[in-house]
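*Asks:* What shape does this take:
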Amino acid sequence: QLAAVHLVDSHYCTDPGKFISVLCTSLSTMLHVELPHVNVLSKMDLIEQYGKLAFNLDYYTEVLDLSYLVDHLASDPFFRNFRRLNEKLVEVIEDYSLVSFVPLNVQDKQSMRQVMQAVDKANGYSFGDRELQSLEALMSAAVGADFHFSSTLAVQEKYVQSQDKAVEEEVMDL
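*Replies:* Coordinates of the predicted model:
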C-alpha cells in the first residue's frame, strides 16, 4: 500500500497568509493525488524562530475554526485588501474538512513514532493483512482512541514559549 506524506515547514504557521497557502496546497494535493494522505508539520523545534504563533499549536495541527485566522489577517494592511479572497479560500478548506497535520521533530523519537503510526493508519497497515478479520475487530481498531490533543500539547510545551513564560523572563530582565 502507498501513502502520500506531505511535509510542510512549521514556520509557515507564524504567518497567517502563508498558512492559508499551505492549507490550500495540502488540500489540492490530497484531492489530486488520490492516495491515503498524511500532512506533516516538520521542524517543530524551529517553529518560533521566525515569529510567535498567534494561536495554540493545536489550532494549526487540527485546523480549527479558520475564521479567527482571517480576522487575524485583517490587522495587516496588505491582507486587508484580500479579506474576501481569504474568506472564500478558508470556506473551501473548511467545507472539505480534510486537512490536519501531525507535528514532527526528527530528533524526537516519540514524534517520529507518531508520524509512522499516522502513515501506517492511513495506508491500512495497522489494520493487518488477514482476510478473515471480522468487521467488529476492524472497527474497534479504527475507533481506538488516538487523541492527538495530548501529543500536540506536549509538542507545544516543548517548543513553543508560552506568554506567561515570556512575561516572567521580561520581569527577570528588569
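
*Asks:* ok, which stretches of the chain are helices?
*Replies:* 16-33, 57-61, 67-73, 77-80, 83-96, 109-123, 135-143, 148-159, 163-173 (DSSP state H).

*Asks:* Remind me what the third one packs against, helices and strands.
*Replies:* I take that to be helix 67-73. Helix 67-73 sits against helix 16-33, helix 83-96, with contacts defined as 3 or more C-beta pairs under 8 Å, 6 or more residues apart in numbering; DSSP states H and E. All C-beta spots, glycine's among them, are computed from the backbone N, C-alpha and C.

*Asks:* would JSON lines of those with mean pLDDT, mean neighbour count and distance to Gln110 be doable?
*Replies:* Formatted as JSON lines, the helices and strands packed on helix 67-73 follow (pLDDT from 0 to 100; neighbours: other C-beta atoms under 10 Å; distance: least, C-beta to C-beta, whole Å):
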{"stretch": "helix 16-33", "mean pLDDT": "95", "mean neighbour count": "17", "distance to Gln110": "23"}
{"stretch": "helix 83-96", "mean pLDDT": "94", "mean neighbour count": "14", "distance to Gln110": "29"}
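
*Asks:* any chance of those helices in a markdown table, plus distance to Arg113?
*Replies:* Shown next, in a markdown table, are the helices and strands packed on helix 67-73 (distance: least, C-beta to C-beta, whole Å):
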| stretch | distance to Arg113 |
| --- | --- |
| helix 16-33 | 22 |
| helix 83-96 | 28 |
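
*Asks:* out of those, which comes closest to Asp108?
*Replies:* Checking the helices and strands packed on helix 67-73 against Asp108 by C-beta to C-beta gives helix 16-33 as the closest, at 21.8 Å.

*Asks:* Minimum distance to Val106: which of the helices and strands packed on helix 67-73 has it?
*Replies:* helix 16-33 (19.2 Å).

*Asks:* Quick one: work out the angle between the closest one and helix 83-96.
*Replies:* With axes from the mean of the first three to the mean of the last three C-alpha atoms, to 10 degrees defining the directions, helix 16-33 sits at 40 degrees from helix 83-96.
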